[in-house]
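> the following comprises the amino acid sequence and a computationally predicted model.
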There are 2 protein chains.
Amino acid sequence: MTSRPPPTPTPPTAPKRTTVHDVARAAGVAIGTVSRVVNGAPTVTGEVRQRVLAAIEQLGWTPSVAAQGLRGMPARMVGFIFSDIRNPLYSAMVKGAEDVLAEQGYMLVVASSEGRPARELALIELFRRRRADGLIFSIEDESDADVLRTLEAARLPVVMLERELALPTGTVGADHLEGTRQATRYLIGLGHRRIALISGGRGNRVARDRLRGLELAHEEAGLPVDPQLLRLDSFASDYALRETQLLMDLPDPPTAIVALGIHLLPGVLTALRMKGLSVPGDVSLIASNDSELCQLATPAITVIRYDSYALGREAALLLLRRLRGEQPAGAARVSLPTELVMRESCAARPHRQPGGAPS
Amino acid sequence: MTSRPPPTPTPPTAPKRTTVHDVARAAGVAIGTVSRVVNGAPTVTGEVRQRVLAAIEQLGWTPSVAAQGLRGMPARMVGFIFSDIRNPLYSAMVKGAEDVLAEQGYMLVVASSEGRPARELALIELFRRRRADGLIFSIEDESDADVLRTLEAARLPVVMLERELALPTGTVGADHLEGTRQATRYLIGLGHRRIALISGGRGNRVARDRLRGLELAHEEAGLPVDPQLLRLDSFASDYALRETQLLMDLPDPPTAIVALGIHLLPGVLTALRMKGLSVPGDVSLIASNDSELCQLATPAITVIRYDSYALGREAALLLLRRLRGEQPAGAARVSLPTELVMRESCAARPHRQPGGAPS
DNA sequence: TTGTACGCGTTATCAT
DNA sequence: ATGATAACGCGTACAA
């Protein structure tokens, strides 16, 4: 079949991509000049520039990204690794990052790790091979040696989102310590002395900061923290459901629950309803982050709110600064505030018999 | 500076990328052999293959994607254009698409259009220039001439998600006609005769199918549709709030509201609460899609449910089939079922005075 | 079975 | 100010 080209006048299978050469020929100049025009070199005569631009316009030419890449130009692409974009926190971060990056001509590639370090490893490798310019990363376990080694070996500019590493990466996160401290103070002020904390992610900074915030608020008030009231093993809804049941079955159950993690609230509410407990009559409740459910539940839920979209924006901005060399390669940290939004789910501690949970 | 190389033993600014040549040298073969090994050509001796693989392993070499791209290899990248990933319907679709694509070595680039055709135009152009292998697209307005022309000119394999064009693209969507028909039938069966429909997106198939479903259910029952009860201009929460207020202020208000659009429910619920109306006592309510809010609201909301994640998967699968040439280039359509999930927000039509809305 | 050499489309460095 | 030309790293026909 390849022995002799068919006599087709216009082979339908040859829509050969137009190149600089075509443009140069059409404009009657050399390819170097075309390159100079599109890259804004100041040494081009107005008249020639016009001819070239006209030719480009007419042929609809755009430089080949692949060829540019071969010449060492940046791919203008950044990867964003997180566990699951269906988590509204992450989708807001993605939108924030994308808005910033798109404006600067970067593409955002989303990559779900499902929270599995092995997958994180593969994704870092992928982005390295694909010549991503940088990475935004919500690592699952901040101390996973394999992932850390691969990340370092990849030599990619990285901004950690809601996480913090020993490596010299950028870091962007909300001030969960202060947020949790403020929420706990508020509950203590309402008279609560047994405050449960349900949250997850032992392996990352968010969880540590939240626990520390709870502890600090207790210390300030000279109150002890009962380890029995700490349930810090998962962000999953059914974990919250089960742990809430267990907590309320305690001989001396909590009078307030702080459930920090977007999926936890449904589990807590379901458990409380199953037990016939009312909010805030029997137990006060603070959740995080804000959501339509929090606003429209009855009662409306008091929440620790923070701006995930802004977190994504800040991460992208920090990364761009590093890519442009404006930011020294060392560690840089951006912290965004949280806000306690008081609604109807908290009340003064109910006075009830010691050890007597309502049936 | 280039006249004489500085005597630096290991120049810190020269981490020159390792190439096929390095691998070839290390393995004592020619570059062609290296290429044959990595591309699985059957004509390589076992012994040589081992040497090459060892060299690759040792040097940590991976082929340059840019160079491959220049050779005409596919970029293994697909773009997904939609209005805003913070909409949970889209984030689920993205996850579905990503899961399928990642498994096949493709990257998924997310691109928000904010619902603006001008932005859609720019994004299509971007993906064309960037040599995306294909596109998944939830177009804002199915009849926008500019966008359609650009899409056609881009000559990219396209799968429309929840949309349908006259162009020969793939099409994946939920069966909203049947879903809305079923919901309307259910309400009619409960005795409702004045059923309002709040939804948006006049410019796309989803909206048309929903309206048609409502009409068909009425026709089957020999009932008229009152155009006054159709509010089909937006998917925004505040639109739902305002229109619900207006609807309930009508001399002859609806006894049931069907609010189809993920952001509409909060608006409807807020409006009804402001007016002191109860669900389902004063008005029955059906929403779409399902959400935690629907499950945990009091009363729990009856919904038309469909699987956005599966829609994303199907879109990616259809696109991949086209990319692999398994799917003829013409139009192909995948339709996924909806399900009516009955909860507590619908009741038999309340008997009240003609024209008398509760104060 | 393996090595050689060309071309992909761009940018950058020379001459002119 | 502009033109010619050498890389960039890979895949692949073709030669050996």
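Happy to help now that I have it.
> and the strands in chain A, which stretches?
A:77-82, A:107-112, A:134-137, A:158-161, A:170-174, A:195-198, A:230-231, A:256-260, A:284-288, A:302-305, A:332-336, A:339-341 (DSSP state E).
> tell me which of these lies nearest to DNA strand D.
Distance to DNA strand D, taken as CB to the nearest atom of the strand, is lowest for strand A:77-82 among the strands of chain A, at 17.5 Å. C-beta coordinates here come from the backbone N, C-alpha and C atoms, glycine included.
> only alpha carbons, please: show the closest one as PDB.
The C-alpha coordinates for strand A:77-82 follow below in PDB (Å, rounded to 0.1, in the frame of the first residue of the first chain):
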ATOM      1  CA  MET A  77       0.300  22.900  33.800                       C
ATOM      2  CA  VAL A  78      -0.100  22.200  37.500                       C
ATOM      3  CA  GLY A  79      -1.400  19.100  39.200                       C
ATOM      4  CA  PHE A  80      -3.600  19.000  42.200                       C
ATOM      5  CA  ILE A  81      -3.600  15.900  44.300                       C
ATOM      6  CA  PHE A  82      -6.300  15.300  46.900                       C
END
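> partners of that strand, with directions?
strand A:107-112 (parallel), strand A:134-137 (parallel) (DSSP bridges).
> let's have these in a markdown table, adding distance to B:Asp290, mean pLDDT and mean neighbour count.
Formatted as a markdown table, the strands paired with strand A:77-82 follow (distance: least, CB to CB, whole Å; pLDDT from 0 to 100; neighbours: other CB atoms under 10 Å in any protein chain shown):
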| stretch | distance to B:Asp290 | mean pLDDT | mean neighbour count |
| --- | --- | --- | --- |
| strand A:107-112 | 22 | 97 | 24 |
| strand A:134-137 | 30 | 97 | 26 |
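> how about these, which one is nearest DNA strand C?
strand A:107-112 (17.4 Å).
> need the residues that contact that closest one.
For strand A:107-112, the surrounding residues in contact (CB atoms under 8 Å, 6 or more residues apart in numbering or on different chains) are A:76-85, A:94, A:97-98, A:101-102, A:119, A:123, A:126-127, A:132, B:77, B:94-95, B:98-99, B:102, B:107-111, B:126, B:130.
> show me just the buried residues among those.
Among these, those classed as buried by 16 or more other CB atoms under 10 Å in any protein chain shown are A:76-83, A:85, A:94, A:97-98, A:101-102, A:119, A:123, A:126-127, A:132, B:77, B:94-95, B:98-99, B:102, B:107-111, B:126, B:130.
> restrict the residues you listed to contacts with DNA strand C.
Among the buried ones among the contacts of strand A:107-112, no residue lies close to DNA strand C (CB under 7 Å from any atom of the strand).
> tell me the pLDDT at A:Gly281?
pLDDT for A:Gly281: 96.
> and it, how many neighbours?
The local packing of A:Gly281 (other CB atoms under 10 Å in any protein chain shown) involves 11 other residues.
> for it, what are its contacts?
A:347, A:350.
> could you chop chain A up by domain?
Domain ranges of chain A: A:20-173+A:309-335, A:176-306, per automatic domain parsing.
> got a markdown table for the ones you listed, with distance to B:Ala41 too?
Putting those into a markdown table (distance: least, CB to CB, whole Å) gives the following:
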| stretch | distance to B:Ala41 |
| --- | --- |
| domain A:20-173+A:309-335 | 21 |
| domain A:176-306 | 44 |
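> just say which of the ones you listed is most tucked in.
Neighbour counts (mean count of other CB atoms under 10 Å in any protein chain shown) averaged over each of these peak at domain A:176-306, with a mean of 20.
> how close does A:Gly134 get to B:Leu89?
To B:Leu89, A:Gly134 is 29 Å away according to CB to CB, to the nearest Å.
> can you tell me which of the domains of chain A is nearest to B:Ser199?
Among the domains of chain A, the nearest to B:Ser199 by CB to CB is domain A:176-306 (18.0 Å).
> mind checking the end-to-end distance for that closest one?
One end of domain A:176-306 sits 9 Å from the other (CA to CA, to the nearest Å).
> which of the domains of chain A has the lowest average pLDDT?
It's domain A:20-173+A:309-335: among the domains of chain A, that one has the lowest mean pLDDT, namely a mean of 93.
> so who does A:Leu293 touch?
A:265-266, A:301, B:291-293, B:296-297.
> can you tell me how far it is from B:Ala92?
17 Å.
> go on, A:Arg181?
35 Å.
> not counting sequence-adjacent ones, nearest residue to A:Arg36?
The shortest distance from A:Arg36 to any non-neighbouring residue, by CB to CB, 6 or more residues apart in numbering or on different chains, is to A:Val44 (5.3 Å).
> mind checking how far the one you found is from A:Ala27?
11 Å.
> cool, and A:Ser234?
Applying CB to CB to A:Ser234 and A:Ala27 gives a distance of 64 Å.
> go on, A:Gly134?
Distance, A:Gly134 to A:Ala27, by CB to CB: 36 Å.
> do A:Val48 as well
Taken as CB to CB, the span from A:Val48 to A:Ala27 is 8 Å.
> please enumerate the shared neighbours of A:Val44 and A:Ala27.
In contact with both A:Val44 and A:Ala27: A:33, A:52, using CB under 8 Å, 6+ apart.
> quick one: contacts for A:Gly203?
A:140-144.
> residue contacts, whichever residue of the stretch 51-200 of chain A sits closest to DNA strand D?
Closest approach between the stretch 51-200 of chain A and DNA strand D, counting by CB to the nearest atom of the strand: A:Leu70, at 3.9 Å. A:Leu70 makes contacts with B:64, B:66-67, B:69-70, as judged by CB under 8 Å, 6+ apart.
> what do you get if the cut-off is 7 Å, keeping everything else the same?
For A:Leu70, the contacting residues are B:66-67, B:70, by CB atoms under 7 Å, 6 or more residues apart in numbering or on different chains.
> done for today, thanks.
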